[in-house]
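A.B. asks: Provide a 3D model corresponding to the input given below.
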Amino acid sequence: MREFLVEITTTVPEGTSQDEVDRRRAAEAVHARDLAATGNLARLWRPVGELRSIGIWRAADEDELHEKVLGTLPLHPWMTFTVTALEPHPNDPGRTDAAE
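C.D. replies: Alright, predicted model coming up:
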């Protein structure tokens, strides 16, 4: 699977009931755990003081990421995404395939 840096901003539509927001957020938490278990969600952060998320997500390609991963999120209709495809850097200290 390829890795992608994904920035997510969620904007709740005006007039949405708090019950609907709470229901979707609870479903989002469950689904995020499922995506982590399948390897599609590797890491997720929230910048301090901001209501957006930054994460490392995995999929076969960007189309699959949008259609079969991000598109399945319960909050998807309220989200905007910035996706950056990633590739290993030769100087990454976490690389395990570096020549000795």
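A.B. asks: roughly how far out does the host helix or strand of Thr80 sit from the chain middle?
C.D. replies: Using DSSP states H and E, Thr80 falls within strand 79-86. The chain centroid and the centroid of strand 79-86 are separated by 8 Å under Cα atoms, centre = their mean, to the nearest Å.
A.B. asks: Would you list the strands that it pairs with, along with their directions?
C.D. replies: strand 2-10 (antiparallel) (DSSP bridges).
A.B. asks: Quick one: distance of the lengthiest helix in the chain to the chain centre.
C.D. replies: For the chain, the longest helix by residue count, based on DSSP state H, is helix 18-37. The chain centre lies 13 Å from the centre of helix 18-37; the measure is Cα atoms, centre = their mean.
A.B. asks: Which positions in that helix come out as buried?
C.D. replies: Across helix 18-37, burial judged by 16 or more other Cβ atoms under 10 Å covers Arg24, Glu28, His31, Ala32, Leu35. Glycine gets a C-beta too; all of them are placed from N, C-alpha and C.
A.B. asks: any idea of the angle it forms with strand 2-10?
C.D. replies: Counting by axes from the mean of the first three to the mean of the last three Cα atoms, to 10 degrees, helix 18-37 lies at 170 degrees to strand 2-10.
A.B. asks: Begin at 301 from now on, thanks
C.D. replies: Right, with 301 as the first residue, what we last looked at is helix 318-337.
A.B. asks: ok, residues contacting helix 318-337?
C.D. replies: Val312, Leu341, Ala342, Leu344, Val369, Thr372, Leu373, Pro374, Leu375, Trp378 (Cβ atoms under 8 Å, 6 or more residues apart in numbering).
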